[in-house]
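Novice: Give me a 3D structure for the following:
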Amino acid sequence: MSISHQALRRGAVFGALAACLLNPALSQAAQVHHAGNLSYVCGGVGEGNLKALQAQAPQFNLGFWMVEGPRGAYLADVPIRIRHQGKTVAAFTADGPLCFVQAPKGSYTIEGTHKQQQRKITLHTGNKNAYLRW
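Specialist: Model prediction:
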């Protein structure tokens, strides 16, 4: 019995579509961006988006949250700058409260600005649970 290439392709497309419909986290996966030798993804607005982003965590070796106030209200649209050895290696606006970064082994300074106030944290690769807090 022979199956045509076109039938196999249709089956693969149908399978991928079914997987996304059955597992909403797969269909909401955040887009990975690249800056030099770094890759990053940010998001986490809404429960489905947050779960999808957290499912991507194993692909990254740095992670940080952006929060405000004593109760840690989530922040979005925060300008971020990532520095390594004094040089800016990535600059972007985080479109959600959680960002993951894949970076070469080392120490990185994460800077964020919210309401004209800058915050900095220093992370070593492997740390995925840090906070920029305003």
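
Novice: How about the secondary structure of Val41?
Specialist: For Val41, the assignment made with DSSP: H, G, I helix; E, B strand; the rest coil gives strand.

Novice: quick one: contacts for it?
Specialist: Ala30, Gln31, Val32, His33, Leu53, Gln56, Phe60, Cys99, Phe100 (C-beta atoms under 8 Å, 6 or more residues apart in numbering). C-beta coordinates here come from the backbone N, C-alpha and C atoms, glycine included.

Novice: Present those residues as TSV; the columns should include neighbour count and distance to Lys87.
Specialist: Below are the contacts of Val41 laid out as TSV (neighbours: other C-beta atoms under 10 Å; distance: C-beta to C-beta, whole Å):
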residue	neighbour count	distance to Lys87
Ala30	21	26
Gln31	8	25
Val32	13	22
His33	12	19
Leu53	24	27
Gln56	15	26
Phe60	19	21
Cys99	28	19
Phe100	24	21
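
Novice: Looking at these, which gets the smallest pLDDT?
Specialist: The lowest pLDDT within the contacts of Val41 belongs to Ala30, which sits at 77.

Novice: who touches that one in this structure?
Specialist: Counting by C-beta under 8 Å, 6+ apart, Ala30 makes contact with Val41, Cys42, Gly43, Asn49, Ala52, Leu53, Gln56, Gly96.

Novice: For it, give its distance to Arg81.
Specialist: 20 Å (C-beta to C-beta, to the nearest Å).

Novice: on that earlier part again, and which of the contacts of Ala30 is nearest to Val67?
Specialist: Among the contacts of Ala30, Gly96 lies closest to Val67 (C-beta to C-beta), at 11.7 Å.

Novice: The closest one sits in which helix or strand?
Specialist: Gly96 belongs to no helix or strand when assigned by DSSP states H and E.

Novice: returning to what we had before: looking at the contacts of Val41, which are in strands?
Specialist: Counted as lying in strands by DSSP state E, out of those, are His33, Cys99, Phe100.

Novice: hmm, back to that, could you let me know which of the contacts of Val41 ends up closest to Ala130?
Specialist: Checking these one by one against Ala130 (C-beta to C-beta), the nearest turns out to be Cys99, at 10.0 Å.
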